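**Q** any chance you can model this:
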Amino acid sequence: MNLSVAVSSNWGIGYKNELLFRISEDLRHFRALTEGKIIVMGHNTLKSLPGGKPLPRRTNIVLSRQKGLEIPGAIVCGSLDELDEILKRNTFSGFERMCGNEDISPASETLSGFGGTRGNQHASPASDTLSGFGGTRGNQHASPASDTLSGFEGMYGNQHASPASETLSGFERMCGSQHVRPASFVIGGEQIYAQLLNRCNVAHITKVNAEPPADAFFPNIDEMPDWQLAEKSSEKFFGEISYNFCKYVRI
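**A** Here you go, the predicted model:
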């Protein structure tokens, strides 16, 4: 498994169930990493997403012990064992049917997170209607003017986009074989990262040189001997905030 997270100087990741930072390039980076993939999150992380709904063009898996929980467009797992079974399966309502099959009916797919990314170029991207993070990713250190809806539409998909613009997104680009499975990314929150870190081999971490108030934290893997920094981008800036994209690998 992989993980993606943005951390502050003291490894903070959130405050009052919101992200600490709202950096346009980081959001685009997250989109590039996870689009067409499986994303695994806790229920609170789902609630922090636009409209509290699963992200489009990704298979959304939500870990929750809440019995009877049903989330349209997402798979709900009650345990890590159940998550393992789902990730091992050959099908999520049929990977074979989804990859490279143009005859699949979008109505037959119960996972609306697949909308617009399956092999059917005529599928209506009905689930791709999240046009922005609108206030859910607010941060006093980020300029709200620079991150209007259009910035978030670039990450999560423009609800006004025509179906034709989605024909090469997600699985179509990656599924050259019916046996191909997408990679999985853990995306939060604090408890989910802690539970699944030992199952991850790659960590994509945006390290932001700022320290706003935080009540949720990511483990400091710089202090863990089994993790090694493999890649680090040049220093980037968002206003007065500097940050780097880092890739850690388990050794």
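**Q** okay, Asn101: pLDDT?
**A** pLDDT, Asn101: 33.
**Q** try Arg89
**A** The score at Arg89 is 81. That number is its pLDDT.
**Q** report how many residues lie close to it.
**A** The criterion is other CB atoms under 10 Å. On that basis, Arg89 has 10 neighbouring residues. Just so you know, the C-beta spots here come from the backbone N, C-alpha and C atoms, and that holds for glycine as well.
**Q** quick one: it from Ile38, how far?
**A** Between Arg89 and Ile38 the distance, using CB to CB, to the nearest Å, works out to 11 Å.
**Q** give me the mean pLDDT for the lengthiest helix in the chain.
**A** Of all segments of type helix in the chain, defined using DSSP state H, the longest is helix 24-34. The predicted model assigns helix 24-34 a mean pLDDT of 97.
**Q** send me it as PDB with only the CA atoms.
**A** Below are the C-alpha coordinates for helix 24-34, written out as PDB (Å, rounded to 0.1, in the frame of the first residue of the first chain):
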ATOM      1  CA  SER A  24      -3.000  24.400  -4.900                       C
ATOM      2  CA  GLU A  25       0.000  22.500  -6.200                       C
ATOM      3  CA  ASP A  26      -0.300  20.000  -3.300                       C
ATOM      4  CA  LEU A  27      -3.900  19.300  -4.200                       C
ATOM      5  CA  ARG A  28      -3.000  18.700  -7.800                       C
ATOM      6  CA  HIS A  29      -0.200  16.400  -6.600                       C
ATOM      7  CA  PHE A  30      -2.700  14.500  -4.600                       C
ATOM      8  CA  ARG A  31      -5.000  14.200  -7.600                       C
ATOM      9  CA  ALA A  32      -2.200  12.900  -9.800                       C
ATOM     10  CA  LEU A  33      -1.200  10.300  -7.200                       C
ATOM     11  CA  THR A  34      -4.700   8.900  -6.500                       C
END
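**Q** least trustworthy helix or strand in the protein by mean pLDDT?
**A** Every helix and strand in the chain was compared by mean pLDDT, DSSP states H and E; the lowest is helix 95-98, with a mean of 38.
**Q** quick check, Val40 in contact with Ala183.
**A** No. Contact criterion CB atoms under 8 Å: Val40 and Ala183 do not qualify, at 11.1 Å.
**Q** so the two - more neighbours on which side?
**A** Each of Val40 and Ala183 has its neighbours counted (other CB under 10 Å); Val40 has more, 26 against 14.
**Q** and the more buried one, which of the three is it?
**A** strand (DSSP: H, G, I helix; E, B strand; the rest coil).
**Q** list the contacts for it?
**A** Contacts for Val40 (CB atoms under 8 Å, 6 or more residues apart in numbering) come out as Met1, Ile61, Leu63, Leu83, Ser184, Phe185, Val186, Ile187, Ile192, Leu196.
**Q** the closest residue to the last one other than its chain neighbours and Glu70, how far apart?
**A** Yep, that's Leu196 we're talking about. Using CB to CB, 6 or more residues apart in numbering and skipping the chain neighbours, the partner closest in space to Leu196 is Val186 (4.8 Å). Taking CB to CB as the measure, Val186 and Glu70 are separated by 22 Å.
**Q** neighbour count winner among those two?
**A** Val186 (26 against 7).
**Q** surely that one touches Cys200?
**A** Yes. Distance between Val186 and Cys200: 6.3 Å, which falls inside the contact criterion (CB under 8 Å).
**Q** between these two, which contacts overlap?
**A** When contacts are counted by CB under 8 Å, 6+ apart, Val186 and Cys200 are jointly contacted by Met1, Asn2, Leu3.
**Q** among the residues you listed, which ones are in strands?
**A** When the shared contacts of Val186 and Cys200 are checked against strands using DSSP state E, the ones located there are Asn2, Leu3.
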